[in-house]
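Trainee: Next comes the sequence, and after it the predicted model I'd like to discuss.
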Amino acid sequence: MKKKTKGISYAKWGYMFILPFFLIYFIFSLLPLLDTVRYSFYEYYRSGIKVIGPNFVGLQNYSSLLKSDMIKYGANTLILWLIGFIPQIVIALLLANWFTDVRLKIHKQQFFKVVIYLPNLIMASAFALLFFTLFSTGGPVNSILMSLGMIKKPIDFLGSVFGTRSLIGFMNFLMWFGNTTIMLMSAIMGISPDIFEAAEIDGCNSIKRFFYITLPMIRPILAYTLITSIIGGLQMFDVPQILTNGKGTPDRTSMTLIMFLNNHLKSKNYGMAGALSVYLFIVSAILCFFVYKMTNDNDPDGSKAAAKRERKGRR
């Protein structure tokens with residue numbers, strides 16, 4: 001009679017190794033998130049040295065936010081994100097396609113990758129402080145322009161809506177286009193070279209190859225880039241906060257939703273801050289859902305579309 005050998009299961013060790021992550025997530029992320037949602041239904045703020053609440057008020061905080069300037073600040077956030085993201089994705093796609101094109105035989109690619117990624121390593125606060133110094137009324141940019149005779153008096157870059165928004169968008173572009181370029185390069189390098197060789201044999205030029213082969217095949221990475229950029233855009237805070245000294249000047253046209261949220265936290269109005277956080281979560285979820293649906297290809301090989309056409313033909 002053969003002796004039965006007992007199998008060894010290593011599954012429990014896997015659970016033990018991932019247990020610290022779930023514990024940390026539960027304590028430092030999930031519980032604060034649930035507490036934020038709970039506080040959004042309460043009146044809870046400080047008036048002088050007196051603390052009011054927490055008193056349950058239902059949806060009153062949400063209603064008050066809709067009557068405030070939240071919509072205006074949401075529009076500001078969207079505009080600032082678009083100013084930075086549109087050139088970011090365009091330049092990143094061009095550079096990624098250029099660096100991965102074997103026909104160009106670009107030398108020193110590692111050097112260029114490091115150079116375009118370097119701005120991403122600089123803290124946003126340091127970036128904002130640098131640009132604040134460069135483009136202030138008495139800063140180096142105005143001094144150089146005046147010494148060259150291009151302007152007669154200093155330009156108030158931070159005193160105009162166009163100037164402030166352009167600087168914020170330009171900084172966001174500089175900080176993130178390198179990271180986006182590296183990700184898109186990795187996606188393009190994952191495409192089989194045989195596909196590009198076959199397209200070249202068939203007479204496909206560079207433009208057609210980019211739009212009909214490259215873009216469709218890197219769609220998952222594009223979706224990831226767009227979703228993370230939307231989330232980052234809604235959380236935009238440090239650059240406009242430092243550049244405008246937290247005031248969103250001029251006339252609060254550069255005030256973002258997170259800056260508005262920070263004002264509630266500074267005034268100890270935790271109920272309104274919680275309601276605004278919930279609004280941000282809902283908006284992020286809706287936008288990410290639409291982006292995912294638009295960029296997700298449920299029929300990559302065209303079999304579903306072919307079957308649908310066949311059914312219509314039989315009718």
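Mentor: Arrived safely.
Trainee: can we go C-alpha only for contacts and neighbour counts from here?
Mentor: Will do.
Trainee: Give the buried residues for the helix or strand hosting residue 34.
Mentor: Assigning secondary structure by DSSP states H and E places residue 34 in helix 31-39. Neighbour-count burial for helix 31-39, counted by 16 or more other CA atoms under 10 Å, picks out 33, 36, 37, 39.
Trainee: Pretty sure residue 181 sits against residue 98.
Mentor: No: under the criterion of CA atoms under 8 Å, residue 181 makes no contact with residue 98, lying 10.5 Å away.
Trainee: of the two, who's got more company?
Mentor: Just comparing residue 181 and residue 98: by other CA atoms under 10 Å the higher neighbour count belongs to residue 181, 25 against 15.
Trainee: ok, the more buried one to residue 294 distance?
Mentor: Residue 181 sits 22 Å away from residue 294, going by CA to CA, to the nearest Å.
Trainee: now do residue 219
Mentor: 10 Å.
Trainee: More neighbours: those two, which one.
Mentor: Taking neighbours as other CA under 10 Å, residue 219 and residue 294 compare with residue 219 leading, 16 against 10.
Trainee: and the gap between the more buried one and residue 28?
Mentor: Counting by CA to CA, the separation of residue 219 from residue 28 is 33 Å.
Trainee: now residue 113
Mentor: On the measure of CA to CA, residue 113 and residue 28 end up 35 Å apart.
Trainee: out of those two, which sits in the busier spot?
Mentor: Neighbour count, other CA under 10 Å: between residue 113 and residue 28, residue 113 has more, with 16 against 11.
Trainee: So which elements touch whatever helix or strand that one lives in?
Mentor: According to DSSP H and E, residue 113 maps onto helix 109-121. Identification of packing neighbours for helix 109-121 by 3 or more CA pairs under 8 Å, 6 or more residues apart in numbering; DSSP states H and E yields helix 161-189.
Trainee: for the helix it packs on, packing partners?
Mentor: Looks like helix 161-189 contacts helix 70-99, helix 109-121, helix 124-134, helix 219-234, helix 238-243 (3+ CA pairs under 8 Å, 6+ apart).
Trainee: swap the cut-off to 7 Å and go again
Mentor: helix 70-99, helix 109-121 (3 or more CA pairs under 7 Å, 6 or more residues apart in numbering; DSSP states H and E).
Trainee: Give me the buried positions along it.
Mentor: For helix 161-189, using 16+ other CA under 10 Å, the buried residues are 163-185, 187-189.
Trainee: Following element in sequence after it, please.
Mentor: Toward the C-terminus, helix 161-189 is succeeded by helix 193-201 as the next helix or strand (DSSP H and E).
Trainee: any idea which helix or strand comes after that next one?
Mentor: helix 206-209.
Trainee: residues near residue 139, how many?
Mentor: For residue 139, the count of nearby residues is 15 (other CA under 10 Å).
Trainee: for residue 252, same thing?
Mentor: 16.
Trainee: One more: residue 17?
Mentor: 10.
Trainee: relative orientation of the host helix or strand of it and helix 31-39 in degrees?
Mentor: Per DSSP H and E, residue 17 falls inside helix 11-25. Angle between the axes of helix 11-25 and helix 31-39 is 40 degrees (criterion: axes from the mean of the first three to the mean of the last three CA atoms, to 10 degrees).
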